[in-house]
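1. Sequence plus predicted model, see below.
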Amino acid sequence: MRLVLAAGVAAICLFTTVAAQQTSNSGTSEEKPYHVEDGKVDKSTYNGYRRYGDSCLRCHGPDGLGSSYAPNLVESLKRLSQDQFNEIVINGKNEVSTSQQLVMPSFGMVEDVVLYLGDIYAYLKARSDGALGRGRPRRLDN
Amino acid sequence: MLKNVAVAAVAAAGLWASTASANDELIRLQRDPNQWVMPTGNYANHRYSELNQINRDNVKNLRPVWSFSTGVLRGHEGGPLVIGDVMYIHSPFPNRVFALDLKDPGRIIWRYEPTQDPSVIAVMCCDTVNRGVAYGNGLIILAQADATVVALDAKTGEERWKVKNGDPAKGETMTAAPMVFGDKVLVGISGGEFGVRGHVTAYNLRDGSMAWRAYSTGPDNEILVDPQKTTHLGQPIGPNSSLQSWQGDQWKIGGGTTWGWYSYDPELNLVYYGTGNPGTWNPTQRPGDNKWSMTIFARDADTGMARWVYQMTPHDEWDYDGVNEMILVDNIEVRGQRVPKALVHFDRNGFAYTLNRENGQLLLAEKYDPAVNWATHVDMQTGRPQVVAQYSTQQQGEDRNVQNICPAALGTKDQQPAAYSPRTRIFYVPTNHVCMDYEPFRVSYTAGQPYVGATLSMYPPQGEQNLGNFIAWDAGQGKIVWSKPERFSVWSGALATAGDIVFYGTLEGYLKAVDVRDGKELFSYRTPSGIIGNINTYTYNGKQYIGVLSGVGGWAGIGMAAGLQGETEGLGAVGAYRALSNYTQLGGTLTVFALPD
């Protein structure tokens, strides 16, 4: 039930951001989950930044840039689709070998993450696409 | 069953042979400069050695003589022990322990690797560090990541006993080095970012049975306090001191974890340690003083009953854990007054405290980095820091980004321990020089999941480029004697010696030796990876050696792998801050140094 709700919320977020995107001045046909204007971001991308800081930063480092023990997500999201991203966050990861210990908890039941999965993705995708610089983004007027 | 009977018989025999001697043996051994028998150097946490073969005149000739790979990549905190002809080293998860032969340097006498569910990695806050093993009564005690405590035979590496000290499913893990005292071993618990309720526990060395456990938060009988006899700055703390300082039952997820260092005064029979941050970094969500998080505890070693407490940062708003080491020094002059038994503590909150360790009286509290700005001073009557409204994440409120708070959440100093030289009566302190923006927001608690509720960005103080300093501190005057800037935070433990030099390591991987008089650099050597471990010294065959684990990681690896960057105005000059990853890579290695023959 909770997961369905989360998916619903995520879908709504996606819908609103896509809608916002259509009115933006970008000439590309590709759909982007974020809206960035003069370094300012929409509400959900900003929320993604904050949720990232709460639940992800401790391992993946400031601004998504990775740490000595977790990958740089600015790089990872150049390869991963949103579906793959969601799958990893919801189910976690457990790849332990002699040369690496990639263990990530499952966030599938964590409200602070799963309810805002789309927002977190939007923030990281904006970082990954180079649309958003480092640090705390400023907000577009809501 | 038969096996258990046999084990019990062996344990009983061990008990008979050892109860009286364990304490005496370690008290004697910790004074022998030829060995390094506890992670803290001695019970007083001095990290000082009487050895002086290596000194300020010849240290420039120091060179590596042998090295050893742990085969583990993550952050290597803590340092080697040396007992007789054997060196014991440890690694982060999977928590390998090696007994190395000094007669045939680097030959492995035994190795031990526990079987642990790797899912524990995911609930370790800031890398899978471990700060070392403890020795006592022929045993090597390891505190595993998965909150298991295991006692190994120091000669063979065989398991003698094993006990569960916590539940990783709730985010309870272990990173701190145990401390053996008397016939017991003291261990703590980590997980302050997971809403874990902190405690310290003493286990009986003979069989691992629990002697006492003292929580940091909760009812008086669980935090082991006597409302009349336990004091805070000389006054009885009264009944329900912790419960009254929390809303509802928030104390159950109240933090106050105990992942730092422990010290022990055999004469007073007291153990000393500090507790960590209260649960959730969002202060608005947990009204009250949140006792006894952020507190120095002095506890009776036999019963665990608290003699005195002192809460340094009531109602924390910045994640300034109080877990850093308590350094016990005798006969120091504090502002003209001679104190027979003092305790000196360099807190994450940027204040260095000098207390009377017999009664917990506060004697001095001064900033040990001029950048510290969140409080103007500590009121010496109440012991409370005078918080500056502009930097108060409580007063500014939820969802407000509070800027330019110094120090950052990693503190002016984290767990990386300082050294004290009885020759100079000066403390040598590795520090961070980092500030932050902090925005708290509401979060929900889920067992075994992060319980943080704030987002941070970190950067050097305005107009400055260095993220660390190595300083000399006068704890009687409350003044910095000298300060040596470092490019990155100094995240290694220091070592002072009778050669009038101090050793420390840097995040780029340099082992450095400096002059105690002025901090002048006398020696520097680049080890294979960044140093977040602690340096030790010992002799073999009459010759002095220096040993250190390198292997970058820990919280230093998180904050700095990508490099810090300030986005606020005035920080443009350091905007192109260079990342630690441009200087070092992962990998755990022991490097041993000596002078040429």
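-> Sure thing, it's come through. What you are looking at is a predicted structure, and each value in this text was computed from that prediction instead of being measured.
2. Spatially central residue in chain A, please.
-> A:Tyr121 (2.0 Å; C-alpha atoms, centre = their mean).
3. Mind telling me what element that residue is part of?
-> helix A:117-128 (DSSP states H and E).
4. Determine if any part of that helix is in contact with chain B.
-> No - judged by C-beta under 8 Å from any C-beta of the partner chain, helix A:117-128 makes no contact with chain B; its nearest approach is 11.1 Å. C-beta coordinates here come from the backbone N, C-alpha and C atoms, glycine included.
5. I'd like to know which elements that helix is packed against.
-> Counting by 3 or more C-beta pairs under 8 Å, 6 or more residues apart in numbering or on different chains; DSSP states H and E, the packing neighbours recorded for helix A:117-128 are helix A:2-22, helix A:43-55, helix A:73-76, helix A:82-91.
6. Where among the ones you listed is average confidence lowest?
-> In terms of average pLDDT, helix A:2-22 trails the rest of those, at a mean of 39.
7. follow-up on the earlier one: next SSE after the helix holding A:Tyr121?
-> Following helix A:117-128 toward the C-terminus (DSSP H and E): strand A:138-139.
8. Quick one: distance of the helix holding A:Tyr121 to the chain centre.
-> 3 Å (C-alpha atoms, centre = their mean, to the nearest Å).
9. Okay, buried residues for stretch B:373-389 please.
-> B:Asn373, B:Trp374, B:Ala375, B:Val378, B:Gly383, B:Arg384, B:Pro385, B:Val387 (16 or more other C-beta atoms under 10 Å in any protein chain shown).
10. For stretch B:388-395, give me every contacting residue.
-> The list of residues contacting stretch B:388-395 from outside it, by C-beta atoms under 8 Å, 6 or more residues apart in numbering or on different chains, reads B:283-284, B:315, B:317-318, B:373-376, B:387, B:396, B:400, B:402, B:404-405, B:438-440, B:454.
11. So which of those residues belong to helices?
-> Among the contacts of stretch B:388-395, the ones falling in helices (DSSP state H) are B:Gln396.
12. Quick one, which of the contacts of stretch B:388-395 are buried?
-> B:283-284, B:315, B:317-318, B:373-375, B:387, B:396, B:402, B:404-405, B:438-440, B:454.
13. near chain A, from those residues?
-> Answer for the buried ones among the contacts of stretch B:388-395 near chain A (C-beta under 8 Å from any C-beta): B:Glu439, B:Ala454.
14. Provide the partner residues of the residue of chain B found nearest chain A in its beta bridges.
-> In chain B, the residue that lies nearest chain A is B:Thr455 (2.5 Å; C-beta to the nearest C-beta). Counting by DSSP bridges, B:Thr455 forms beta bridges with B:Glu439.
15. mind listing what it touches?
-> A:Tyr49, A:Arg50, A:Tyr52, A:Gly53, A:Asp54, A:Leu57, A:Arg136, B:Tyr438, B:Glu439, B:Phe441.
16. Skipping adjacent residues, who's closest to B:Ala214 in space?
-> B:Leu224 (4.1 Å; C-beta to C-beta, 6 or more residues apart in numbering or on different chains).
17. which residues sit in contact with the one you found?
-> B:Trp212, B:Ala214, B:Tyr215, B:Arg299, B:Thr303, B:Gly304, B:Met305, B:Ala306 are the contacts of B:Leu224 under C-beta under 8 Å, 6+ apart.
18. Check B:Ser49 too.
-> So B:Ser49 contacts B:Pro33, B:Trp36, B:Gly41, B:Leu495, B:Ala496, B:Thr497, B:Ala498, B:Thr537 (C-beta under 8 Å, 6+ apart).
19. Among these, which one lies nearest to A:Leu77?
-> B:Leu495 (43.6 Å; C-beta to C-beta).
20. Pretty sure the closest one sits against B:Tyr538.
-> No - using C-beta atoms under 8 Å, B:Leu495 makes no contact with B:Tyr538, being 11.1 Å away.
21. What about chain A: which of the contacts of B:Ser49 touch it?
-> Okay, of those, nothing touches chain A (C-beta under 8 Å from any C-beta).
22. Next, count neighbours for B:Lys543.
-> 14 (other C-beta atoms under 10 Å in any protein chain shown).
23. That one: what's it in contact with?
-> B:Gln53, B:Ala594, B:Leu595.
24. Quick one: the residues you listed as CSV, columns for pLDDT too.
-> Formatted as CSV, the contacts of B:Lys543 follow (pLDDT from 0 to 100):
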residue, pLDDT
B:Gln53, 98
B:Ala594, 98
B:Leu595, 98
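25. Pick the one among the contacts of B:Leu224 closest to B:Glu521.
-> Scanning the contacts of B:Leu224 for proximity to B:Glu521, where the rule is C-beta to C-beta, the winner is B:Arg299, at 40.3 Å.
26. The closest one against B:Asn269, yeah?
-> No - shown here, B:Arg299 and B:Asn269 do not form a contact pair, counting by C-beta under 8 Å, at 9.8 Å.
27. Between the two, which is the more surrounded one?
-> Legend: neighbour count by other C-beta under 10 Å for B:Arg299 and B:Asn269, higher for B:Arg299 (26 against 16).
28. Contacts for stretch B:480-491 next, please.
-> Outside stretch B:480-491, the residues touching it (C-beta under 8 Å, 6+ apart) are B:368, B:410, B:414, B:416, B:426, B:430-434, B:465-474, B:504-508, B:514, B:518-519, B:521, B:530-532, B:554, B:556, B:559-560, B:580.
29. hmm, which of those residues are the buried ones?
-> B:368, B:410, B:414, B:416, B:426, B:430-434, B:466-474, B:504-508, B:514, B:519, B:530-532, B:554, B:556, B:559-560, B:580.
30. Any idea what the residue nearest to B:Ile531 when sequence neighbours are not counted is bridged to?
-> Spatially, and ignoring its direct neighbours in sequence, B:Ile531 is nearest to B:Gly505 (2.7 Å; C-beta to C-beta, 6+ apart). For B:Gly505, the beta-bridge partners under DSSP bridges are B:Leu511.
31. Now the phi/psi pair for the nearest residue to A:Lys93 once chain neighbours are set aside, please.
-> Counting by C-beta to C-beta, 6+ apart, the nearest residue to A:Lys93 once its immediate chain neighbours are dropped is A:Met104, at 4.1 Å. When read as degrees, to the nearest 10, the backbone of A:Met104 gives phi -130, psi 140.
32. Poorly predicted segments of the stretch 51-200 of chain B, please.
-> B:125 (pLDDT under 70).
33. Get me the contact residues on it for chain A.
-> B:71, B:73-75, B:93, B:118-119, B:121-123, B:125-128, B:193.
34. Quick check: ChimeraX command selecting the buried ones in these.
-> Here is the ChimeraX command that picks out the buried ones among those, judged by 16+ other C-beta under 10 Å:
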select /B:71,73,74,75,93,118,119,121,122,123,125,126,127,128,193
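35. Many thanks, I have nothing further to ask.
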